[in-house]
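Undergrad: next input, structure requested:
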Amino acid sequence: MAKHRAIPPGFMTVGEVAKKIGVTVRTLQYYDKEGLLSPSAESEGGRRLYTDKDLVTLHQITSLKSLGFSLDDIKQRLISLETPTDVANALTEQADSIREKIEQLTASLAAIEQLKEEVLQMQTVNFKKYADIIVNLQMKNDSYYLIKRFDDDTLDHIRNRFDKESGLNFVDRFNRLSDEIVQFQKENVPPESEKCQQVVKEYWGLIMEFTNGDMSMLPKLMEIGNIDTATNAWEERQKIVNEYLEPALQVYFSKLGVNPFEEVQG
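TA: Model prediction:
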C-alpha cells in the first residue's frame, strides 16, 4: 500500500467513499478486515485512501450483497477490474444476478397474489391452512388451492403421510394419470377396455396410497373431489376425470367383486 504525505488528486478518504456509495465507515473497515476491499493507499497520517477503481469494486460488493449473497459468496464472485473487458464481465455478472433475483421476486409476488385470493375466498382465518398453501406455492404445485377444501383432519393426514419430495412425486403421478384419462375421454376409449382398466387400477392404487388403506377417508375424498361447477383449469380437468372414472370404476369394482364406496356408505 503506497503512502502519501497528503491526499493527492484521485484519492478519497474512507469518509468520502462511504458518503458516495451510501455505506458506513464501519462497513468499509469491516470489508478491509475481511479482505473484500482494502484501500489502495494510506497517508503518512494514517488515513486510508481509496481510488475510483475501489469505488467500482465497492459497487460490485454492495450490489451483490443487496441480492442476498453472503460475503464469502461475494469474495468468489468479485472480478478483477484491470481491463475494459474485466469491467464488462463484472457488469454482466451483476446483470445476470439481478435478472435471477427479478425472476425470484416475480415468482414470490405471484405466489403472494394467489395466496391473497385464496385467503379472501376461504372467508375464515386459518393460519395452519395458509402455511400449507404457501408451501405448495413454493413447490409450484398447481393443485395448491385444493388445500382450502381439506378439513384439518385431512391436512394432518397429508402432513404425516408425505414430505415435500414424496408429495411432489404423488402429485406428478396423479396428474399424469389424470391427463391419460382426459385423453381417453377425448378418444372415446370404452371404460371397460383393457388400457382404460389398467389406468383405473393405477388411479385406485393412488387413492389407497393417499389414504394408507383407511376406507373411512373415502366419503371425505368423494366430497372434496365433487365438482359441480369448475372455476379453473384444474377443476375443469378433474370434472372430466370424475365423469369418465365413474363408470370405469364400476367396471373395475365389479371385476373385484367388491365396491369400497358402497361398503363405506352402507
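Undergrad: residues near the closest residue to Asp32 other than its chain neighbours, how many?
TA: Spatial nearest neighbour of Asp32, excluding adjacent residues (CB to CB, 6 or more residues apart in numbering): Ser38 at 5.0 Å. For the C-beta atoms, the positions are set from N, CA and C on the backbone; glycine is no exception. By other CB atoms under 10 Å, 16 other residues sit near Ser38.
Undergrad: ok, now Thr62?
TA: By other CB under 10 Å, neighbour count at Thr62 equals 16.
Undergrad: hang on, Glu202 packs against Leu177?
TA: Yes - contact criterion CB atoms under 8 Å: Glu202 and Leu177 qualify, at 5.7 Å.
Undergrad: and the two? Which one has more around it.
TA: The residue with more neighbours, out of Glu202 and Leu177, is Leu177; 18 against 14, by other CB under 10 Å.
Undergrad: where does the more buried one land in three-state SS?
TA: Of the three states, Leu177 takes helix under DSSP: H, G, I helix; E, B strand; the rest coil.
Undergrad: longest helix anywhere in the protein?
TA: With secondary structure taken from DSSP state H, the chain has its longest helix at helix 84-122.
Undergrad: what about the helices in the stretch 151-266 of the chain?
TA: Counting by DSSP state H, counting those that start in this stretch, the stretch 151-266 of the chain has helices at residues 152-161, 164-186, 194-211, 218-225, 233-256, 260-265.
Undergrad: avg pLDDT for the longest one?
TA: So that's helix 233-256. Regarding helix 233-256, the rounded mean pLDDT is 85.
Undergrad: mind starting the numbering at 36 from now?
TA: Sure, I'll start counting at 36 from here, so that last one is helix 268-291.
Undergrad: so which other helices or strands are in contact with that helix?
TA: Here helix 268-291 touches helix 199-221, helix 229-246, going by 3 or more CB pairs under 8 Å, 6 or more residues apart in numbering; DSSP states H and E.
Undergrad: next: the third one.
TA: Counting contacts by 3+ CB pairs under 8 Å, 6+ apart, the secondary-structure elements packed against helix 229-246 are helix 199-221, helix 253-260, helix 268-291.
Undergrad: if we can go back for a sec, which helices and strands does the longest helix of the chain pack with?
TA: helix 87-101, helix 162-173.
Undergrad: if you average pLDDT over each of the ones you listed, which is lowest?
TA: Of all the helices and strands packed on helix 119-157, mean pLDDT reaches its minimum on helix 162-173 (a mean of 57).
Undergrad: what's near enough to touch the spatially closest residue to Val58 that is not a sequence neighbour?
TA: Once flanking residues are discounted, Val58 sits nearest to Thr97: 6.6 Å by CB to CB, 6+ apart. For Thr97, the contacting residues are Ile56, Gly57, Val58, by CB atoms under 8 Å, 6 or more residues apart in numbering.
Undergrad: could you do Glu69 as well?
TA: So Glu69 contacts Leu106, Lys110 (CB under 8 Å, 6+ apart).
Undergrad: may I see the helices and strands packed on helix 268-291 arranged in TSV, with mean pLDDT as well?
TA: Below are those laid out as TSV (pLDDT from 0 to 100):
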stretch	mean pLDDT
helix 199-221	85
helix 229-246	90
